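Colleague: Here is a sequence with its predicted model. Questions after.
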Amino acid sequence: MAQAVWEGVVLAESDHYEVVEGNVYFPPSALKMEYFRPSDTHTTCGWKGVANYYTVTVNGKENPDAAWYYPEPKPAAQNIKGYVAFWRGVQVKR
């Protein structure tokens, strides 16, 4: 079981996840979407493709761009298509 926690709230948890470059990627169904808002931020990884971001909000506190995912990854990263990873203080436990 993997969990993503920020401000004492579980943002995502699942028995099924992928680990890429040390980051745990959660399937979309594992997210508690009430805490996520799409961001306008995008970055590009040479082998994974273009990442989109979410801002996480818990009890009125925002964590901008704290989660990212690849909606249309390059062929080498198809296993994480739509899966979400975290940073910026979000604790991921497995």
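Modeller: Great, that's in hand.
Colleague: isn't there a strand covering Tyr25?
Modeller: Yes - note on Tyr25: a strand contains this position according to DSSP: H, G, I helix; E, B strand; the rest coil.
Colleague: tell me, how many neighbours does Pro38 end up with?
Modeller: The number of residues packed around Pro38, counting by other Cβ atoms under 10 Å, is 9. Yep, even glycine has a C-beta here, placed from its N, CA and C like the rest.
Colleague: and the spatially closest residue to it that is not a sequence neighbour, what element?
Modeller: Nearest residue to Pro38, sequence neighbours excluded (Cβ to Cβ, 6 or more residues apart in numbering): Tyr54, at 6.1 Å. With elements taken from DSSP states H and E, the one containing Tyr54 is strand 49-58.
Colleague: Residues contacting the very next helix or strand once past that strand from elsewhere in the structure, which ones?
Modeller: Where DSSP H and E defines the elements, the next helix or strand beyond strand 49-58 is strand 61-69. Outside of strand 61-69, the residues within contact range by Cβ atoms under 8 Å, 6 or more residues apart in numbering are 4, 6-7, 11, 25, 28, 36, 39, 41, 43, 51-57, 80, 82-90.
Colleague: Filter these down to the buried ones, PyMOL style.
Modeller: The PyMOL command for the buried members of the contacts of strand 61-69 (criterion: 16 or more other Cβ atoms under 10 Å) is given here:
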select buried, resi 4+6+11+25+36+39+51+52+53+54+55+56+57+80+83+84+85+86+90
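Colleague: Which members of the contacts of strand 61-69 occur in strands, if any?
Modeller: When these are checked against strands (DSSP state E), the matches are 4, 6, 11, 25, 36, 39, 41, 43, 51-57, 84-86.
Colleague: What are the neighbouring residues in contact with the residue nearest to Leu31 when sequence neighbours are not counted?
Modeller: Computed as Cβ to Cβ, 6+ apart, the closest residue to Leu31 that is not its neighbour in sequence is Ala12, at 4.7 Å. Contact analysis of Ala12 by Cβ under 8 Å, 6+ apart lists 2-4, 26, 30-32, 84, 86.
Colleague: tell me the pLDDT at Ala12?
Modeller: The pLDDT attached to Ala12 in the predicted structure is 98.
Colleague: Return the set of residues that bridge with it.
Modeller: The residues paired with Ala12 through beta bridges, assigned by DSSP bridges, are Ala4, Leu31.
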